[in-house]
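Q: Make a model of this:
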Amino acid sequence: LYFIQKIDRETRIWRYVEKLLPYKCMSSQKICYLPAALQWKELYRRVKSPFGGELRPVEKENNRGNPVFVVRSNPALKKLNLPGASRGKRPLITPDGKGVWLAVKGPYGREWDTLTLYDHTALFDIETGKTLGKLRLQTSVPKNFSRGSDGPGSHGGNCMGYDGFIYTCQHGGCNGGPGRMFSIDSNTGTITMLYDSMASDGSWRKMRNKKIVIDGPSDAKSLLFTSTLWQVQCPRTGAIMNGGWDNSGIRRYHDGFVTTIVNGDWFNIPRPGWKNGPGFRHGNSNPSVAPNGDLYIPDVNSDVPRILRIYRTDWSKEQPVNGYAEKFIPKEKMEALILEYARKYIENYEENSKILNRE
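A: Sure thing, here's the model as predicted:
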C-alpha cells in the first residue's frame, strides 16, 4: 500500500505499508518477520531464512501467527507530483511493482482544474528514484476547460491498468451529463478514446427529470454521467470501476457498456434492493477491488463511518480462464517478482528489521 504523506507545507514523503508474517528458522529456531506475500502458494519454501535455515510458518493452536504492519519511508523519490486531474489522483504504479509514473512539474490553480500534467510525466524506479523514461504523448490530452471551471471535461480520475495503460475518465458536470474516458499507452504515448459523449461546445446537458438513463452504451448522448473522481481496475474482468463525487456512485465500464453497481442519492433513484444506501453526494466514493473481485467502498458521508463490501456471485462466470490480470502478469512471472522482492528483503534483513526492534 503506497501513499504520499504531507508533513508540512513544503515536505512530502513517499511511504508504504508492508505486511509481515512470522516464520521460524529451522536451523537457528529464531523467529523472523518476512513479507506476507511469501505465504502465497507456499513460496516461503523456495527461500532460506536470514539465518540460513528452512522456513516454517509460526502457528499457535493451528492458527497462523499474527501479522505485523510496518510503515516505511522511501526518501529516494523526490518528485512526488501525481499526474492526472487534481482530484482523483492515485499513484500510477507499474504492473510489476517496480516503477511509478510521477509528474516532474507541480500542479497549479484550483482543485477542480484540468491539471493532467501528463506531458510532464516520467517513470521512476520505485526503490532508487532513478528516472527510467518519459511519457511522450502523441496527441494532446482531451479537455474542455483548461483552468478554473468545474464543468464537463475538467477534473476526473485515473488508474494504471494491468496492461500497463493509464486509464483516465473526466467529469461530466455536477448535475449529470456527458462522459469521457480514454487510455494512454505508457510505451508509445498513444491516446485512445474509449467513449466520449461530450458536447463540442462543452455544455453540461443537465437532466433533472425522471427519464434519465444511468446504464447503457457508454457513448450514448442520453446516458447520465456525473463527477468521476476515483477509479480502479478489476483484476478478474478488466472492467474499470468509476467512483464519483456528486451522485454517480460506482459505475462499471466494460467493453463499451456502463452499468451502475451502486447509485447515489442526487436523483433519488436507489439501486434495487438497497436500504440506507451510501451517501455519495459530494462524498468520496473511492472504490478498491480485491484480487478475488470483491468491491470495497468507503462511505464517508454515513452517520457512522463505514466501509462497504460488495461481492457478486456471478463475477466468477465473467472471469476468463486465466483472469484478466494473469493475461498480462502470468503466475510464473508473479512468483518470480515475489521471490525477487523477498530475497532482497532477506539479504538486508538486519536493516529491514530495525523498525520491528524499535517496536
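Q: Which neighbouring residues are in contact with residue 353, exactly?
A: 32-33 (C-beta atoms under 8 Å, 6 or more residues apart in numbering). Using the backbone N, CA and C atoms, a C-beta is placed for each residue, glycine as well.
Q: and it, what are its phi and psi?
A: phi -90, psi 0 (degrees, to the nearest 10).
Q: same thing with residue 36?
A: Dihedral angles (degrees, to the nearest 10) for residue 36: phi -60, psi -20.
Q: Contact partners for it?
A: Counted by C-beta under 8 Å, 6+ apart, residue 36 has contacts 19-21, 67.
Q: what about 6 Å?
A: 19, 21 (C-beta atoms under 6 Å, 6 or more residues apart in numbering).
Q: got a pLDDT number for it?
A: Model confidence at residue 36, expressed as pLDDT, equals 95.
Q: One more: residue 250?
A: Note for residue 250: predicted pLDDT of 78.
Q: Begin at 48 from now on, thanks
A: Yep, numbering from 48; the last one is residue 297 now.
Q: Is it correct that it is in contact with residue 307?
A: No - between residue 297 and residue 307 there is no contact under C-beta atoms under 6 Å: 7.4 Å.
Q: between these two, which one's more packed in?
A: residue 297 (26 against 17; other C-beta atoms under 10 Å).
Q: Can you tell me who that one pairs with across the strands?
A: Using DSSP bridges, the beta-bridge partners of residue 297 come out as residue 290, residue 309.
Q: May I see the buried residues of stretch 272-285?
A: Neighbour-count burial for stretch 272-285 flags 272-285 (criterion: 16 or more other C-beta atoms under 10 Å).
Q: what sits against residue 245?
A: Taking C-beta under 6 Å, 6+ apart, one finds 199-200, 225, 227 in contact with residue 245.
Q: Output those residues as TSV; include the columns distance to residue 238.
A: Below are the contacts of residue 245 laid out as TSV (distance: C-beta to C-beta, whole Å):
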residue	distance to residue 238
199	18
200	14
225	18
227	11
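Q: These in strands, which ones?
A: Applying DSSP state E to those, the entries found in strands are residue 227.
Q: nearest to residue 86, of the contacts of residue 245?
A: residue 227 (41.5 Å; C-beta to C-beta).
Q: Tell me how many other residues surround that closest one.
A: 25.
Q: Which strand residues bridge it?
A: Where residue 227 sits in a bridge, its partners, by DSSP bridges, are residue 217, residue 243.
Q: so which helix or strand takes in residue 345?
A: strand 342-346 (DSSP states H and E).
Q: With residue 170 instead?
A: strand 168-172.
Q: ok, the helix or strand that that strand is followed by: who's next to it in the sheet?
A: Counting by DSSP H and E, the next helix or strand C-terminal to strand 168-172 is strand 178-181. Strand 178-181 pairs in its sheet with strand 168-172 (antiparallel), by DSSP bridges.
Q: centre of the chain versus the strand it pairs with, how much separation?
A: How far strand 168-172 lies from its chain's middle: 17 Å, per C-alpha atoms, centre = their mean, to the nearest Å.
Q: got the CA coordinates for it in PDB?
A: Output of strand 168-172 as PDB, limited to C-alpha atoms (Å, rounded to 0.1, in the frame of the first residue of the first chain):
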ATOM      1  CA  THR A 168       5.400  12.800 -16.500                       C
ATOM      2  CA  ALA A 169       8.200  10.400 -16.200                       C
ATOM      3  CA  LEU A 170       8.700   6.800 -15.000                       C
ATOM      4  CA  PHE A 171      10.800   6.400 -11.800                       C
ATOM      5  CA  ASP A 172      12.300   3.300 -10.200                       C
END
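Q: Can you list the neighbours in contact with that strand?
A: In contact with strand 168-172 (C-beta under 6 Å, 6+ apart) are residues 130, 146-151, 178-182.
Q: thinking again about what came up before, inside strands: which ones of the buried residues of stretch 272-285?
A: Those of the buried residues of stretch 272-285 lying in strands (DSSP E): 275-280.
Q: May I ask which two of the residues you listed are separated the most?
A: Farthest pair in those, by C-beta to C-beta: 276 and 280, 15.8 Å.
Q: Just the buried positions in the helix or strand containing residue 306, please.
A: According to DSSP H and E, residue 306 maps onto strand 304-309. Of all the residues in strand 304-309, those buried under the rule 16+ other C-beta under 10 Å are 305, 307-309.
Q: Can you tell me the centre-most residue of this structure?
A: residue 279 (4.6 Å; C-alpha atoms, centre = their mean).
Q: In this structure that one contacts residue 334, no?
A: Yes - the pair residue 279 / residue 334 is scored as a contact, 5.4 Å apart, by C-beta under 6 Å.
Q: what residues do these two have in common as contacts?
A: Residues touching both residue 279 and residue 334 (C-beta under 6 Å, 6+ apart) are residue 288.
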